[in-house]
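Asker: how would this look folded up:
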Amino acid sequence: MKVLFASAECYPIAKVGGLADVVGALPKYLNNQGHEVVVAMPKYDLPWINNQSLESIQSGTIQILNKKYEYDLELLDRSILGFEVMFVDIPELFFRKGVYSDDKSNYFTDEPERYTSFAKVLLNWVLSQSDRPDIVHCHDHHTSLIPFMMTKCHKYEVLSSIPTVLTIHNEKYRGRFSWQKEYLLPEYSTKNRGLLDWDGMIDPLACGIKCCWQMTTVSPSYMEELLSAPGDLRPLFQQEKSKARGLINGIDSDYWNPKKDIMIAHQLKRSINVYKSKNKQTLCKQMGLNPNLPLISFIGRLAAEKGADLIPDTILKIYKKSTPINIIILGTGMAELEQKLNHIGNQYRNTLSINIMYNEAMAHQIYAGSDFLLMPSRVEPCGLNQMYALRYGTIPIVRSTGGLKDTVIDIKYKKGNGIRFEEANIESIAKACNRAFRLFNNKSKMSDTIENTLASNFSWDASANNYINLYQELIKN
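Answerer: Just a heads-up that it's a prediction; the model follows:
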């Protein structure tokens, strides 16, 4: 099959969240099984892109009102990432030093112009091809107007027989904009205006849900949550549930491999205990911590949806009870939260390491050297960090939501590989951390749990097969 991915992110080219990890891995695994995937994404002014040699394959102009925008389509050779990447280069709209915001965290205000233009240039290219894709796979709201354009916009209706898949990585971001910008859309019949509308605005995500052939989420539990959650899109999800499917993400097991990872101090050889012990010693030395204490880490965005705002008071609650636990925080986010964490870090220098940054190599060492990884997420459509932790023999402590619920089995069960808790509040997180403390001191149970983490298999191989089966079903229909 020929599959065209449309996405705003792709690792390692441009990453803001988990969307990039999926789009950077799934195509490679699909190609490994004999299919042909092209990832189409905007061209940003980012170091990874600027260091590549790209082949120009098409150029032209698009018009918004009285202004013309020049564009180029540029191809990255398949040998670089294991799949072809086609950059849609519209310099005035996308060639900036950021994906959604600039280097001072100021969000771009012309999102509707950017993503409608991206969709039109991409579909113009599809129209020009004699050998068109068998499937067009869109990701999140940035590309979710594409199914509408392919079926309802006069210029692109010839593409309406090509099946479209829309994967929702996070439904909180919908790309809504005013009807005053309706002119951004290609010409379509006014009888189809209702497909674009949700609550009086053009809502790309809602439109994509209505118009795509198949809607997927990145875990089965997240799909269940969308069907029952109190959000204003719940009626739409329920209306379209016949074409909804939850498919758990995978991880790139070649990249996230403790046996070969050059970013960690000690690779996994024969002994799990030696591997974990040496990496923990290295990590604790770097962070100024005592390696004899249990070590709980948090890696990720310091954002409310990740439950990160609950961490400072949870830390204070744990330390006020004099529980001897080391804690490492790695991430950036809300400025007020960063300041609060730094303040607490100064109070507890001997047991708490606050790192307001994102450092890929440090993250790998934390996965390898920690005993536990904390994920107190309010929302977690799939979650990848818990899969990375499991791969590196680190026990996840997670709230039972979305993909965390699908991938982490509580230690009260025979094959338990983690600790789960139900509520996103300080009391529940502290209790879960105390369970981790007790587990750490039960050496036999701790060893069995680590064995279970390493036995967990969330490679993209199985997930890729699920997508292949889905594509084939759509093509047959």
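Asker: List phi and psi for the nearest residue to Q58 once chain neighbours are set aside.
Answerer: In space, and not counting its chain neighbours, Q58 is closest to L73: 4.2 Å by Cβ to Cβ, 6 or more residues apart in numbering. (C-beta placed from N, C-alpha, C; glycine too.) Torsion angles at L73 (phi, psi; degrees, to the nearest 10) stand at phi -110, psi 130.
Asker: For the stretch 351-477 of the chain, which segments count as helices?
Answerer: 360-369, 385-391, 402-407, 426-440, 443-455, 460-476 (DSSP state H, counting those that start in this stretch).
Asker: Can you tell me how far the residue nearest to Q58 is from S130?
Answerer: 16 Å (Cβ to Cβ, to the nearest Å).
Asker: Could you do E92 as well?
Answerer: Counting by Cβ to Cβ - E92 and S130 are separated by 30 Å.
Asker: Point out the most buried one among the helices of the stretch 351-477 of the chain.
Answerer: helix 385-391 (a mean of 26; mean count of other Cβ atoms under 10 Å).
Asker: looking only at pLDDT, what's the mean for that helix?
Answerer: For helix 385-391, mean pLDDT is 97.
Asker: So between E92 and S130, which is more surrounded?
Answerer: Taking neighbours as other Cβ atoms under 10 Å, E92 and S130 compare with E92 leading, 15 against 4.
Asker: Show the contacting residues for the more buried one.
Answerer: Y69, E70 (Cβ atoms under 8 Å, 6 or more residues apart in numbering).
Asker: One more: the one 10 residues further on?
Answerer: Taking Cβ under 8 Å, 6+ apart as the definition of contact, the neighbours of D102 are R96, F108.
Asker: can you give me the strands in the stretch 151-300 of the chain?
Answerer: 164-168, 197-198, 201-202, 214-217, 244-246, 295-299 (DSSP state E, counting those that start in this stretch).
Asker: which one of these lies closest to I344?
Answerer: Of all those, it is strand 295-299 that lies closest to I344, at 12.9 Å by Cβ to Cβ.
Asker: Direction included, what does that closest one pair against?
Answerer: strand 326-330 (parallel), strand 372-375 (parallel) (DSSP bridges).
Asker: Can I get those strands in a markdown table including distance to Y413, mean pLDDT and mean neighbour count?
Answerer: What follows is the strands paired with strand 295-299, written out as a markdown table (distance: least, Cβ to Cβ, whole Å; pLDDT from 0 to 100; neighbours: other Cβ atoms under 10 Å):
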| stretch | distance to Y413 | mean pLDDT | mean neighbour count |
| --- | --- | --- | --- |
| strand 326-330 | 26 | 98 | 25 |
| strand 372-375 | 18 | 98 | 26 |
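Asker: TSV for these, including distance to C211?
Answerer: Output for these, formatted as TSV (distance: least, Cβ to Cβ, whole Å):
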stretch	distance to C211
strand 326-330	40
strand 372-375	34
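Asker: Please identify which of those strands is closest to L247.
Answerer: It's strand 372-375; of the strands paired with strand 295-299, that one is closest to L247 (Cβ to Cβ) at 20.4 Å.
Asker: Next up, the contacts around the nearest residue to G208 once chain neighbours are set aside.
Answerer: In this structure, G208 finds its nearest non-sequential neighbour in S144, 2.7 Å apart by Cβ to Cβ, 6+ apart. S144 sits next to C138, L166, G175, P204, L205, C207, G208, I209, C212 when contact means Cβ under 8 Å, 6+ apart.
Asker: Of those residues, which belong to helices?
Answerer: P204, L205, C207, G208, I209 (DSSP state H).
Asker: most surrounded residue in those?
Answerer: P204 (29 neighbours).
Asker: for the stretch 101-250 of the chain, what spans make up the helices?
Answerer: Counting by DSSP H, counting those that start in this stretch, the helices of the stretch 101-250 of the chain are 111-128, 146-152, 193-196, 204-211, 220-228, 234-239.
Asker: For the ones you listed, give me TSV that also has distance to G98.
Answerer: Converted to TSV, those look like this (distance: least, Cβ to Cβ, whole Å):
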stretch	distance to G98
helix 111-128	12
helix 146-152	23
helix 193-196	28
helix 204-211	20
helix 220-228	27
helix 234-239	31
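Asker: domain parsing for this protein?
Answerer: 2-250+461-476, 272-457 (automatic domain parsing).
Asker: For the closest residue in space to I251 that isn't next to it in sequence, give its distance to S271.
Answerer: Of all residues not flanking I251 in the chain, M387 sits nearest, at 4.7 Å (Cβ to Cβ, 6+ apart). Shown here: M387 relative to S271, a distance of 23 Å by Cβ to Cβ.
Asker: In three-state terms, label V3 for me.
Answerer: strand (DSSP: H, G, I helix; E, B strand; the rest coil).
Asker: who's it bridged to?
Answerer: If you apply DSSP bridges, the partners that V3 bridges to are V37, I135.
Asker: got the contact list for it?
Answerer: Neighbours of V3 in contact, by Cβ under 8 Å, 6+ apart: P27, L30, H35, E36, V37, V38, P133, D134, I135, V136, H137, Y471.
Asker: Which element, helix or strand, includes the second one?
Answerer: Counting by DSSP states H and E, the element that carries L30 is helix 18-32.
Asker: List the buried residues of that helix.
Answerer: For helix 18-32, burial by neighbour count (16 or more other Cβ atoms under 10 Å) applies to 18-31.
Asker: Flag the least confident of the residues you listed.
Answerer: G18 (85).
Asker: I figured that one hits L384, correct?
Answerer: Yes. Applying Cβ atoms under 8 Å as the test, G18 and L384 come out as touching, 5.4 Å apart.
Asker: on that earlier part again, between the domains of the chain, which one is closest to W256.
Answerer: domain 272-457 (5.1 Å).
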